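Peer 1: quick one, what's the 3D model for this:
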Amino acid sequence: MSSLSRSRTILFLIFLVIMWGVNWPLSKFALEYTPPLLFAGLRTLIGGVLLILVAIPNYKKLNLRRNWPLYLLSSLLNIVLYYGLQTIGLQYLPAGLFSAIVFLQPVLLGIFSWFWLGESMYGMKMVGLFLGFLGVFEISAGGLAGHLSITGVLLAIGSALSWAFGTVYMKKTTERVDMVWMVASQLTLGGLLLLGTGSYLEKWSDITWNAPFISALFFIAIFVIALGWLVYFKLIGSGEAGKVGAFTFLIPVIAIICSVIFLGESVTWNLVAGLGMIVISILLVNIRPGTLRRASE
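Peer 2: Below is the predicted model:
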């Protein structure tokens, strides 16, 4: 996959962080009108179908007979397990604590990318990754109140692991598949599996098909799911996965800011302290030791 220019990389990162940050409070709003698994299936399936419509002119790049195992495994890791474990796990833990554990993913991604993708790893980068996780944990400190469920913790860890493994897998397959078809296929397959599970465990009659829910559903399906995953894997495929992953630490910050503005939640010192840690972590992950040495000479 061709590399992105610096300006396009910055624009893609800004778009991704904002869209995936907005997703948390918007999904919380939408879940007032729908059961969780059916909602997860609907938004991913709609996003997948939209991308299929975009990809149809290049249908020859699908290569379904050769690539279907890649599409299936990617959908299981990035969609079914990630969203499925996340949706179930939120029933066992406070949202703040659960999201903090899930955002262990950039740390895991940095380590896995070092092991399996041959990306560089050095002390400053490792410190930056863990500092970013601590920043997310600090922001989510309010979620520590309440009952601590081992089941919920394990589901959150599983969600983080599936996202990290799925990202590394996508990075390793970028030269073998067309990225639009890869994302479209994983969203469509994952959406169908989630809808099937939701249809068995939940009731379609529990969905309130009003204007607020439909608007939220299509906004998430188009901008968060379809375009969001496409941009994320475009960034992963054209750069270092560990560095791109470090910027996802900003997602909970955007989520909380949006919650403050639109849901009336309050700003806390945890947010301010966590944001400072995250900014420092991104700088540490993206500055190579040689850069500092040259600057000091």
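Peer 1: mind checking the pLDDT average for the longest helix along the chain?
Peer 2: As assigned by DSSP state H, the longest helix anywhere in the chain is helix 6-30. Here helix 6-30 scores 85 as its mean pLDDT.
Peer 1: and the closest residue in space to L4 that isn't next to it in sequence, how close does it get to V231?
Peer 2: The shortest distance from L4 to any non-neighbouring residue, by C-beta to C-beta, 6 or more residues apart in numbering, is to S238 (4.7 Å). Backbone N, C-alpha and C define where each C-beta goes, glycine included. Counting by C-beta to C-beta, to the nearest Å, the gap from S238 to V231 is 11 Å.
Peer 1: what about W209, neighbour count?
Peer 2: 10 (other C-beta atoms under 10 Å).
Peer 1: hmm, I was thinking of I79
Peer 2: When neighbours are counted by other C-beta under 10 Å, I79 registers 29.
Peer 1: same check on A211?
Peer 2: 7.
Peer 1: so what's it up against?
Peer 2: Contact criterion C-beta atoms under 8 Å, 6 or more residues apart in numbering gives no residues in contact with A211.
Peer 1: start at 15, not 1
Peer 2: Sure, I'll start counting at 15 from here, so that last one is A225.
Peer 1: against L231, how distant is it?
Peer 2: In terms of C-beta to C-beta, A225 sits 11 Å off from L231.
Peer 1: also S219?
Peer 2: Counting by C-beta to C-beta, the gap from S219 to L231 is 17 Å.
Peer 1: of these two, who's got more company?
Peer 2: The neighbour count for S219 versus L231, taken as other C-beta under 10 Å, is higher for L231 (21 against 7).
Peer 1: can you check the pLDDT for the more buried one?
Peer 2: Value listed for L231 in the pLDDT field: 95.
Peer 1: what's the answer for I70, then?
Peer 2: pLDDT recorded at I70 is 91.
Peer 1: is it in a helix, a strand, or coil?
Peer 2: Under DSSP: H, G, I helix; E, B strand; the rest coil, I70 falls in the helix class.
Peer 1: ditto for L64
Peer 2: helix.
Peer 1: what secondary structure does the closest residue to it other than its chain neighbours sit in?
Peer 2: In space, L64 comes closest to A240 once its chain neighbours are excluded; the distance is 5.1 Å by C-beta to C-beta, 6+ apart. Put simply, A240 is helix when judged by three-state DSSP.
Peer 1: residues near A240, how many?
Peer 2: Residues lying near A240 (other C-beta under 10 Å) number 24.
Peer 1: do I125 as well
Peer 2: The burial count for I125: 17, using other C-beta under 10 Å.
Peer 1: give the contact list for it.
Peer 2: I125 sits next to M135 when contact means C-beta under 8 Å, 6+ apart.
Peer 1: how much space between it and I93?
Peer 2: 23 Å.
Peer 1: just M291 next, same as before
Peer 2: 30 Å.
Peer 1: surely G149 is in contact with L289?
Peer 2: Yes: between G149 and L289 there is a contact at 7.0 Å, judged by C-beta atoms under 8 Å.
Peer 1: not counting sequence-adjacent ones, nearest residue to A287?
Peer 2: The shortest distance from A287 to any non-neighbouring residue, by C-beta to C-beta, 6+ apart, is to E152 (5.3 Å).
Peer 1: now swap in Y85 and tell me
Peer 2: Distances taken as C-beta to C-beta, 6+ apart place S199 nearest to Y85, at 3.8 Å, with adjacent residues excluded.
Peer 1: I'd say the one you found and S89 touch.
Peer 2: Yes: with contact defined as C-beta under 8 Å, S199 and S89 form a contacting pair (6.8 Å).
Peer 1: what is in contact with those two at once?
Peer 2: With C-beta under 8 Å, 6+ apart, S199 and S89 have no common neighbours.
Peer 1: identify the residues contacting F232.
Peer 2: By C-beta under 8 Å, 6+ apart, F232 lies in contact with I60.
Peer 1: change it to 10 Å
Peer 2: L56, R57, I60, G61, L64 (C-beta atoms under 10 Å, 6 or more residues apart in numbering).
Peer 1: neighbours of the residue nearest to L18, how many?
Peer 2: 18.
Peer 1: same question for the one 10 residues further on.
Peer 2: Residues lying near T262 (other C-beta under 10 Å) number 22.
Peer 1: could you pull out the strands in the stretch 165-311 of the chain for me?
Peer 2: Using DSSP state E, counting those that start in this stretch, the stretch 165-311 of the chain contains no strands.
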